[in-house]
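Visitor: Here's a sequence, model it:
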Amino acid sequence: MARPVKRRPQRRSCLNQLLVLATALLVGVAIYGFFVRPALSSMLGAQISERIAPLAQAETLGESALPGVVAALPSGPVVVEQVRANAFLADHQGDYGPIEDVQIQFRPGEASANVQAMGVRGVVRSGVTVVNGQITLVNPQIDGPLGLLVSSQDLINPLLERLNAELANQGRIIEDIQIEDGRVVVITR
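Guide: Got it, this is the predicted structure:
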């Protein structure tokens, strides 16, 4: 009678454990990158856009919201100084939902904002241009830890869509926009 062969339990080597850990980490990063991050970014952008002023409530919100700002735009060149923009943002900080703090800087060709949202800091930056009377972003980015949490396109697009919708709703057309050192010059009609 043949004696049964006793199998030795397979030992898990350090390399095997490292490969399992690396695979689990890659799967987690892929799930976050493809599903969680875009959904979170879109949700935050939509919340901020909706808090600025829902289109249905535009008449009742007056000057404290986006419709009031758009209605106050005169035809021709409008200069927005960095200091005044930051003062406006500080006065209306509660309007921006999950954004806890924001400070804007205007540099030639680019606007940047030091932002804190959900306890995480980052720098949002982008250039702008006008295409067919609508404001369009040029190379939007979010740097720092906030950029790992949310994507610039998903966060900023709802805000931009809301602004362009409000401009169209009030019959305003942006002809040109230039970001200069310490100010933005917008030409409207």
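Visitor: what pairs with the strand ranked longest in the chain, and is each one parallel or antiparallel?
Guide: Among the elements of the chain assigned as strand by DSSP state E, the one spanning the most residues is strand 120-131. In the sheet containing strand 120-131, its partner strands are strand 110-117 (antiparallel), strand 134-143 (antiparallel), by DSSP bridges.
Visitor: can you list those strands in JSON lines and add mean pLDDT, distance to Val123 and mean neighbour count?
Guide: (Each C-beta comes from the backbone N, C-alpha and C, glycine too.) Below are these laid out as JSON lines (pLDDT from 0 to 100; distance: least, CB to CB, whole Å; neighbours: other CB atoms under 10 Å):
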{"stretch": "strand 110-117", "mean pLDDT": "89", "distance to Val123": "6", "mean neighbour count": "18"}
{"stretch": "strand 134-143", "mean pLDDT": "90", "distance to Val123": "5", "mean neighbour count": "16"}
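Visitor: For these, give me TSV that also has distance to Pro74.
Guide: Below are those laid out as TSV (distance: least, CB to CB, whole Å):
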stretch	distance to Pro74
strand 110-117	21
strand 134-143	17
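Visitor: Looking at those, spot the one closest to Glu166.
Guide: Go through the strands paired with strand 120-131 one by one with CB to CB and the one that ends up closest to Glu166 is strand 134-143, at 11.0 Å.
Visitor: Give me the contacts around that closest one.
Guide: By CB atoms under 8 Å, 6 or more residues apart in numbering, the residues outside strand 134-143 that reach it are 115, 122-130, 147, 150-153, 155-156, 160, 163-164, 167-168, 174, 177.
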